[in-house]
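Trainee: predicted structure and sequence below. I'll ask about it afterward.
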Amino acid sequence: MKKFYMLFLLLIMAVVVTACGNDDTTAKKSDTSKDSDPVLLSQPYTKTDFLMGTVNVIKIYDKGKEDVLLKAFDRIKELDKQITTSDSGKTSEVDKVNLAAGEKPVKVNDDVYYLIQEGLKYSESSGGSFDITIGPLTSLWHIGFDDARKPSQAEIDAKLPLIDYKKVKMNDADKTVYLEEKGMELDLGAIAKGYIADEVAKVLDANGVTTAIIDLGGNIIVKGDSPKGGDWVVGIQDPFESRGTVIGTIPEANKSIVTSGIYERYLEVDGVKYHHILDPKTGYPFNNDIAGVSIISKKSIDGDGLSTATFSKGIQGGMAFIETYKDVEAIFVSKEKKVYITSGLKGKFKLTDKNFQMAN
């Protein structure tokens, strides 16, 4: 996951999350009232930090749990150090695997080994449209960085043979990872934030937090019910506008919401916008009718992997793909500003922007 420090990211959020119910500034017990129930605050303990190249916000509503914020951010920093690749330093576990490509297997810790395994799972299930060995291409385009550029066809052609998740060899006994060809690179950026968000949720669970919002640069987890009673109201990002602009809402609890869009990060050359979600087969950004997709799932890593995997399939193919997954729903927005929802969101999604229209 490459680091990029785009100043505007400090000012924006990926989706809007609000609580249902009446406004209240006092602490109260949760609605399942028992003496042992946690006291919930309407004004949460909040911590914000800039990590992994984006803004991270955690809000905890359980009274007396403010210290858990530091534990949660310590876990983010620990995983960021292990997973994030960079152009200088090359000190993360993933960097070390990449540097040894074509030479030798590299032993990694349990977190990184699991993350690579999950990445291979999504690479396989998507038929390679999601591929964790996309690193040589993302490094070539470098979209999201000051030195981003459109590479020549010859440069792209030279990198394409290096993109093949089937050439990643895992050794479960030794916990080693081997990239079979020199020049191969893992890029786990498409699923790393999701995994880290899930790990933060585990930290909150282990410390008795029942009600919280985790927002790691757009990977949202709403934990528990709203402190005001009922579900959280989650705003779905407008893929054509800056973060925090929504087209509609859904009520959710204990779910992850991940949104990916083609206008989130892009390079413009001669009036043509090239977004950051690259096709491993062509070396260019995916080009179809999808402008953005939001995935609702139990685990944030699933939202990450599936949101990227759907981009190769177009809206109809993406809808069919998501329908094969249990407990996963999706909202697709087309370039013509039409909104498509999977079957489990019927009667739940509320369109609020008149510039868009429901298509199914």
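Mentor: Okay, I see it. Numbering: from 1, shown residues only.

Trainee: make it CA atoms for all contacts and neighbour counts henceforth
Mentor: OK.

Trainee: pLDDT value on Gly261, please?
Mentor: We have a pLDDT of 84 for Gly261.

Trainee: tell me the contacts of it?
Mentor: 239-240, 291-293 (C-alpha atoms under 8 Å, 6 or more residues apart in numbering).

Trainee: could you give the bridge partners of it?
Mentor: In this entry, Gly261 is beta-bridged to Gly292, by DSSP bridges.

Trainee: what's the spacing between it and Asp238?
Mentor: Using C-alpha to C-alpha, to the nearest Å, Gly261 is found at 9 Å from Asp238.

Trainee: and if you look at Tyr263?
Mentor: On the measure of C-alpha to C-alpha, Tyr263 and Asp238 end up 10 Å apart.

Trainee: and the two? Which one has more around it.
Mentor: Asp238 (25 against 18; other C-alpha atoms under 10 Å).

Trainee: wait, doesn't that one sit right on Thr249?
Mentor: No. In this structure, Asp238 is not within contact of Thr249 by C-alpha atoms under 8 Å, at 11.1 Å.

Trainee: in stretch 100-107, what's buried?
Mentor: 100-101, 105-107 (16 or more other C-alpha atoms under 10 Å).

Trainee: quote the end-to-end distance of that stretch.
Mentor: Taking C-alpha to C-alpha as the criterion, the two ends of stretch 100-107 lie 11 Å apart.

Trainee: can I get stretch 273-285 in PDB, CA atoms only?
Mentor: Extracted in PDB, the C-alpha atoms of stretch 273-285 (Å, rounded to 0.1, in the frame of the first residue of the first chain):
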ATOM      1  CA  LYS A 273      -9.100  11.100 -16.700                       C
ATOM      2  CA  TYR A 274      -7.400   7.900 -15.800                       C
ATOM      3  CA  HIS A 275      -8.600   6.600 -12.400                       C
ATOM      4  CA  HIS A 276      -6.500   4.500 -10.000                       C
ATOM      5  CA  ILE A 277      -8.300   1.100 -10.300                       C
ATOM      6  CA  LEU A 278      -6.200  -0.700 -12.800                       C
ATOM      7  CA  ASP A 279      -7.000  -3.700 -14.900                       C
ATOM      8  CA  PRO A 280      -4.300  -6.400 -14.500                       C
ATOM      9  CA  LYS A 281      -5.000  -7.700 -17.900                       C
ATOM     10  CA  THR A 282      -4.700  -4.500 -20.000                       C
ATOM     11  CA  GLY A 283      -2.500  -2.300 -17.700                       C
ATOM     12  CA  TYR A 284      -5.000   0.500 -18.000                       C
ATOM     13  CA  PRO A 285      -7.800   1.700 -15.700                       C
END
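
Trainee: next one: it to chain centre, how far?
Mentor: A distance of 18 Å separates the centroid of the chain from that of stretch 273-285, by C-alpha atoms, centre = their mean, to the nearest Å.
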